[in-house]
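Asks: Just a sequence and a predicted model for now, questions to come.
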Amino acid sequence: MATSDVTYIDHPLIQHKLTIMRDIHTPSATFRQLLREISHLMAYEVCRDLDTEMISIQTPLESMDSPKLKGKKLCLVSILRAGNGLLEGMLELVPSARVGHIGLYRDPATLNPVQYYLKLPDQIDMRLTIVVDPMLATGHSAIAAVERLKEAGAKQIKFVCLLAAPEGIDAFTSAHPDVPIFTAAIDRELNDHGYIMPGLGDAGDRIYGTK
């Protein structure tokens, strides 16, 4: 189901796994595994419109024309550190993808993002770039990450998250109306600390067992 530039992926398997992830009693190992499984399922929808071209191949029985991905290999960009949880699953599905990382942390006082790392593959202007981060809360980190990618030359960008808050969606689509959002859930709101409610807590802490 798509609403303007936001695609809500409501597949029953995704929603089932997400429910388990939300549970406070779910251990980190299970949380990581479920996130990887969900990222596989979301990747199918996100990559639905990849360009293909027909090539000639030989099967064990005869020759045929069959579709193959066209153009430069896509680029997956993780917003550190929690983005790696989605990155790993998508990379398993598309192992030939190029990978970039953007290190951003949220200033606890202003909630604004501060960049501390940036490493991107070459020819990013010729690649579909998929930015991944489990949470779209205030939207500040995602907005900043996409700004860096555009500065680096990226022209075709998609943003993928597990959960999104209405405030984050509004901020992101206002800043980057040309970048579609793909999410598995749109939650109720942000609390006073910028956390998604009801949410699932801090995704990075849940993934890595930190506090």
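Replies: It's in.
Asks: So in the chain, which helix runs the longest?
Replies: Counting by DSSP state H, the longest helix found in the chain is helix 28-46.
Asks: so what does the following helix or strand past that helix touch, helix or strand wise?
Replies: Counting by DSSP states H and E, the next helix or strand C-terminal to helix 28-46 is strand 52-58. In terms of contacts (3 or more CB pairs under 8 Å, 6 or more residues apart in numbering; DSSP states H and E), strand 52-58 is packed against strand 63-69. All C-beta atoms are positioned from the backbone trio N, CA, C, and that covers glycine.
Asks: Tell me how far stretch 118-136 lies from the chain's centre.
Replies: 10 Å (CA atoms, centre = their mean, to the nearest Å).
Asks: so what's the backbone phi/psi at P121?
Replies: phi -70, psi 160 (degrees, to the nearest 10).
Asks: Please give the number of neighbouring residues around it.
Replies: Neighbourhood size, P121 [other CB atoms under 10 Å]: 17.
Asks: For it, which non-adjacent residue is spatially closest?
Replies: Nearest residue to P121, sequence neighbours excluded (CB to CB, 6 or more residues apart in numbering): R98, at 3.8 Å.
Asks: what pairs with that neighbour across the strands?
Replies: R98 has the following beta-bridge partners by DSSP bridges: C75.
Asks: measure it to F182 for me?
Replies: 19 Å (CB to CB, to the nearest Å).
Asks: helix or strand right after the helix or strand bottoming out on mean pLDDT in the chain?
Replies: Least confident element among the helices and strands of the chain, by mean pLDDT, DSSP states H and E: strand 2-3 (a mean of 46). Sequence-wise, the next helix or strand downstream of strand 2-3 (DSSP H and E) is strand 6-8.
Asks: could you say what helices and strands the helix or strand following that next one packs with?
Replies: Using DSSP H and E, the helix or strand that follows strand 6-8 in sequence is helix 12-22. Applying 3+ CB pairs under 8 Å, 6+ apart, one finds that helix 12-22 contacts helix 28-46, strand 181-186.
Asks: want to throw these into a markdown table with mean pLDDT, mean neighbour count and distance to L200?
Replies: Below are the helices and strands packed on helix 12-22 laid out as a markdown table (pLDDT from 0 to 100; neighbours: other CB atoms under 10 Å; distance: least, CB to CB, whole Å):
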| stretch | mean pLDDT | mean neighbour count | distance to L200 |
| --- | --- | --- | --- |
| helix 28-46 | 94 | 18 | 8 |
| strand 181-186 | 97 | 22 | 9 |
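Asks: Select, out of the ones you listed, the one closest to D10.
Replies: strand 181-186 (7.9 Å; CB to CB).
Asks: which strands and helices sit next to the closest one?
Replies: Partner elements for strand 181-186 (3+ CB pairs under 8 Å, 6+ apart): strand 6-8, helix 12-22, helix 28-46, strand 156-164, helix 166-175.
Asks: let's go with 10 Å and repeat that
Replies: Strand 181-186 sits against strand 2-3, strand 6-8, helix 12-22, helix 28-46, strand 128-132, strand 135-136, strand 156-164, helix 166-175, with contacts defined as 3 or more CB pairs under 10 Å, 6 or more residues apart in numbering; DSSP states H and E.
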